[in-house]
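> quick one: sequence and predicted model below, then my questions.
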Amino acid sequence: KEQAAQRKVAEMLAEKEALEQEIAAMRAVQESSEEQSDSLGLEKEALNKQLQDQVAAVTSERDTLQQQIIFIQERIGSLSEAQSGLQKSIHNILEKSVKMLDT
């Protein structure tokens with residue numbers, strides 16, 4: 001009986017040892033997972049920051065281009081007015097030239 005009890009105790013101790021090793025392995029996996037999660041969180045933050053920076057740069061460039069477009073449109077308007085004035089002047093000069101030739 002005593003040997004059977006000792007064998008049973010030995011089996012239980014072996015089972016306990018195996019369970020402790022399994023628990024240690026699970027803890028190691030959990031710690032590794034937590035480290036990976038932290039690392040992924042930092043990577044996500046870095047990518048979000050990079051994306052925000054790129055959006056800000058694109059927005060700034062868009063605003064600059066819009067200002068340039070407005071300037072060009074205003075310049076086109078000024079040039080159109082100047083062209084119209086020149087055409088009127090040329091027309092007046094041609095009319096005067098024709099009148100002078102007629103007389």
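Yes, it's here. Source: prediction; values computed, not measured.

> which residues of this structure fall in helices?
With DSSP state H applied, the chain shows helices at 2-102, listed in chain order.

> spatially central residue for it, please.
Most central in the chain under Cα atoms, centre = their mean is Leu51, positioned 2.4 Å from the mean C-alpha point.

> ok, that residue to Ala57 distance?
According to Cβ to Cβ, to the nearest Å, Leu51 and Ala57 sit 11 Å apart. In short, each C-beta sits where N, CA and C put it, glycine included.

> give me the distance between Glu95 and Gln66.
With distances defined as Cβ to Cβ, the gap from Glu95 to Gln66 amounts to 43 Å.

> next one: Leu79
20 Å.

> with Glu74 instead?
Going from Glu74 to Gln66 by Cβ to Cβ gives 13 Å.

> then Thr59?
In this structure, Thr59 and Gln66 are 11 Å apart, going by Cβ to Cβ.

> before we move on, what about Leu101?
For Leu101, the distance to Gln66 equals 52 Å [Cβ to Cβ].

> neighbour-wise, which of the two wins?
Using other Cβ atoms under 10 Å as the criterion, Leu101 and Gln66 rank with Gln66 on top: 10 against 7.
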